[in-house]
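1. I would like to see how this sequence folds:
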Amino acid sequence: MDAGEIGARRWLILAVGVLAQAAQATIVNGVAFLIPSLHTEAGLSLAQAGTLAGAPLFGGVFTLVMWGAISDRFGERFALTAGLGLASAATTAATLTTSIPALGILLVLAGAGAVSANAASGRVVVGWFAPRQRGLAMGIRQMSVPLGVAAGALVIPPVAAHHGVAWALAFPALACGIAALACVLGILDPPRPDRAEAQRTGMLANPYRSSWTLARIHAASILLVVPQYVVWTYSLVWLITDRAWDETGAGLLITVAQILAALGRVAAGSWSDRVGSRLGPMRLVAVSVVLAMVALAATSLSGSVAAVVVLLVASVLTSAPNGLAFTAVAEIAGPYWGGRALGVQNTGQFVAAAAVGPVFGALIAVVGFPAAFAMAAVAPAAAAPVIPKS
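-> Residues are numbered from 1 along each chain as shown. The predicted structure is shown next:
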């Protein structure tokens with residue numbers, strides 16, 4: 001079966017890819033919603049709780065390229081099923097431990113497995129959709145991360161507050177288990193030329209050796225992930241500690257923010273299809289992120305009620321560049337390097353994202369939320385000129 005014959009089934013495959021990516025987000029990003037409980041009930045400092053929240057990201061750093069290579073060699077279906085199954089098993093084990101060090105190790109293992117969805121489900125989308133629909137399809141695929149974060153924001157804080165951390169972790173364990181089963185049943189690996197044809201046409205050649213384009217996209221994406229994870233990791237804590245919201249109300253607002261961010265990714269992808277460029281829109285969005293973070297800093301410093309509205313806008317804009325970068329990387333790398341290139345893309349982003357928890361946790365403790373939001377604007381300002389022109 002080729003891309004022309006699959007018809008409507010490609011949308012079902014995309015839906016399963018969305019589920020897989022959303023499930024990984026409930027563990028990789030959702031642990032951040034345990035920070036209030038870890039801080040107030042477990043007695044951890046904000047920096048310590050932020051470090052624990054970054055454990056799944058840290059685990060993913062070491063396996064992203066590996067999962068990309070596995071998907072390049074053995075197929076996306078195998079990589080997705082194996083990785084999400086490992087994530088579910090490790091998170092289930094995490095619900096049974098009372099040791100903070102053991103919890104950290106198990107969360108590292110869970111993240112190491114869950115990130116299989118980052119490389120493999122992206123390749124499925126690029127493989128089954130034509131270029132004229134690819135930005136939209138990848139935008140839909142990338143909306144899965146904020147949707148997973150939204151689900152985590154809705155479920156994890158109140159469960160952790162009323163029933164404890166262990167019960168809260170049961171949610172991502174179940175989500176990853178269901179997603180692994182769905183991948184077994186619903187994912188179909190996209191076709192690609194055989195290796196002899198790929199060798200003849202140059203598809204097996206290393207795309208990093210002929211151009212700096214991929215490296216520049218990776219570098220810009222690393223910078224752009226900083227404000228995204230500042231907002232994702234600390235907006236709940238900001239609402240509870242600085243704005244005096246309760247856990248349920250704050251969780252609902254973050255859920256709304258993430259749903260809006262998901263729609264923003266779809267809009268950005270559709271925009272890139274219409275203009276025939278992924279990188280031009282990405283550069284414009286990077287500039288808008290700078291303005292959004294500066295506005296968030298100013299309104300939170302003044303105590304204005306507008307700060308909550310600005311938070312919603314910042315949630316949308318900081319998430320928007322991700323799908324554009326992923327689509328560009330997959331298209332440039334091609335079918336034999338796409339998995340590894342997306343693995344490299346995610347590795348850089350995960351290193352930066354894992355650092356956001358402890359670094360900005362320590363910054364917030366010293367200078368407060370408004371100054372930390374302002375400092376996060378420096379990264380996208382540096383990213384804009386790094387993004388390639390075409």
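2. quick one, what contacts the most centrally placed residue in the chain?
-> Residue closest to the average C-alpha location in the chain (C-alpha atoms, centre = their mean): residue 145, at 5.2 Å. Shown in contact with residue 145 (C-beta atoms under 8 Å, 6 or more residues apart in numbering): 21, 22, 25, 29, 262, 319, 322. Every residue, glycine included, has its C-beta placed from N, CA and C.
3. ok, of these, which one's closest to residue 225?
-> Residue 225 has its nearest neighbour among these in residue 322, at 7.9 Å by C-beta to C-beta.
4. Could you check how far the helix or strand in which the residue nearest to the centre of the chain is found is from the centre of its chain?
-> Here residue 145 sits within helix 144-163, counting by DSSP states H and E. Averaging C-alpha positions (C-alpha atoms, centre = their mean, to the nearest Å) puts helix 144-163 15 Å from its chain's average.
5. And the helix or strand following it, what's buried?
-> Next helix or strand after helix 144-163 toward the C-terminus (DSSP H and E): helix 165-186. Residues of helix 165-186 classed as buried: 165, 168-173, 175-177, 179-180, 182-183, 186 (neighbour count, 16 or more other C-beta atoms under 10 Å).
6. which one in these is the model shakiest on?
-> pLDDT across the buried residues of helix 165-186 is lowest for residue 165, at 85.
7. How much space separates that one from residue 53?
-> As for residue 165, its distance to residue 53 is 11 Å (criterion: C-beta to C-beta, to the nearest Å).
8. And for residue 128?
-> Residue 128 sits 34 Å away from residue 53, taking C-beta to C-beta as the criterion.
9. try residue 38
-> Applying C-beta to C-beta to residue 38 and residue 53 gives a distance of 8 Å.
10. Give the next helix or strand downstream of the helix or strand containing residue 312.
-> Assigned by DSSP H and E, residue 312 belongs to helix 306-319. Remark: after helix 306-319, the chain's next helix or strand is helix 321-333, criterion DSSP H and E.
11. what angle sits between that next one and helix 144-163?
-> Between helix 321-333 and helix 144-163, the angle comes out at 140 degrees (axes from the mean of the first three to the mean of the last three C-alpha atoms, to 10 degrees).
12. What helices and strands are in contact with helix 321-333?
-> For helix 321-333, the elements it packs on are helix 116-128, helix 131-142, helix 213-241, helix 247-275, helix 279-302, helix 338-367, judged by 3 or more C-beta pairs under 8 Å, 6 or more residues apart in numbering; DSSP states H and E.
13. ok, now which ones touch the residue nearest to residue 156 when sequence neighbours are not counted?
-> Using C-beta to C-beta, 6 or more residues apart in numbering and skipping the chain neighbours, the partner closest in space to residue 156 is residue 33 (4.1 Å). By C-beta under 8 Å, 6+ apart, the residues touching residue 33 are 152, 153, 156, 157, 160, 168, 236, 251, 254.
14. run the last query once more with 7 Å
-> 152, 153, 156, 157, 236 (C-beta atoms under 7 Å, 6 or more residues apart in numbering).
15. List just the nearest of those residues to residue 49.
-> Closest approach to residue 49 among the contacts of residue 33 (C-beta to C-beta): residue 236, at 11.7 Å.
16. Now for that closest one: which residues touch it?
-> With C-beta under 7 Å, 6+ apart, residue 236 has these contacts: 33, 36, 153, 157, 250, 251, 254.
17. Same check on residue 41?
-> Neighbour list for residue 41: empty [criterion: C-beta under 7 Å, 6+ apart].
18. which residues of this protein score low on pLDDT?
-> 1-6, 42, 121-122, 198, 201, 390 (pLDDT under 70).
19. which residue of it sits farthest from its center?
-> Computed with C-alpha atoms, centre = their mean, the most peripheral residue in the chain is residue 200, at 35.6 Å.
20. which SSE is it in?
-> Assigned by DSSP H and E, residue 200 belongs to helix 195-201.
21. can you check residue 20 too?
-> Here residue 20 sits within helix 9-28, counting by DSSP H and E.
22. what do you get for residue 389?
-> According to DSSP H and E, residue 389 maps onto no helix or strand at all.
23. That one: neighbour count?
-> 9 (other C-beta atoms under 10 Å).
24. is it true that residue 287 touches residue 385?
-> No - taking contacts as C-beta atoms under 7 Å, residue 287 lies outside contact range of residue 385: 10.1 Å.
25. For these two, indicate the residue with more neighbours.
-> Legend: neighbour count by other C-beta under 10 Å for residue 287 and residue 385, higher for residue 287 (14 against 10).
26. how about that one, what does it touch?
-> residue 384.
27. Now with 8 Å, please.
-> 380, 384.
28. State the distance from it to residue 92.
-> Remark: distance between residue 287 and residue 92 (C-beta to C-beta) = 43 Å.
29. For residue 28, which non-adjacent residue is spatially closest?
-> residue 56 is the one closest to residue 28 (C-beta to C-beta, 6+ apart), at 4.5 Å.
30. Over to residue 31?
-> Nearest residue to residue 31, sequence neighbours excluded (C-beta to C-beta, 6+ apart): residue 53, at 4.8 Å.
31. how many other residues sit next to that neighbour?
-> Number of residues near residue 53 (other C-beta under 10 Å) recorded here: 25.
32. Am I right that it is in contact with residue 233?
-> Yes - if you go by C-beta atoms under 8 Å, residue 53 and residue 233 touch, sitting 6.5 Å apart.
33. which neighbours do those two share?
-> 32, 35, 357.
34. in stretch 114-133, what counts as buried?
-> Neighbour counts over stretch 114-133 (16+ other C-beta under 10 Å) mark 114-129, 133 as buried.
35. same deal with stretch 184-196?
-> In stretch 184-196, counting by 16+ other C-beta under 10 Å, buried: 186, 187, 188, 189, 190, 192.
36. hmm, back to that, any residues in contact with both of residue 165 and residue 53?
-> Common neighbours of residue 165 and residue 53 (C-beta under 8 Å, 6+ apart) are 34, 38.
37. follow-up on the earlier one: among the helices and strands packed on helix 321-333, which is the most enclosed?
-> A comparison of those by mean neighbour count, using mean count of other C-beta atoms under 10 Å, puts helix 116-128 on top with a mean of 29.
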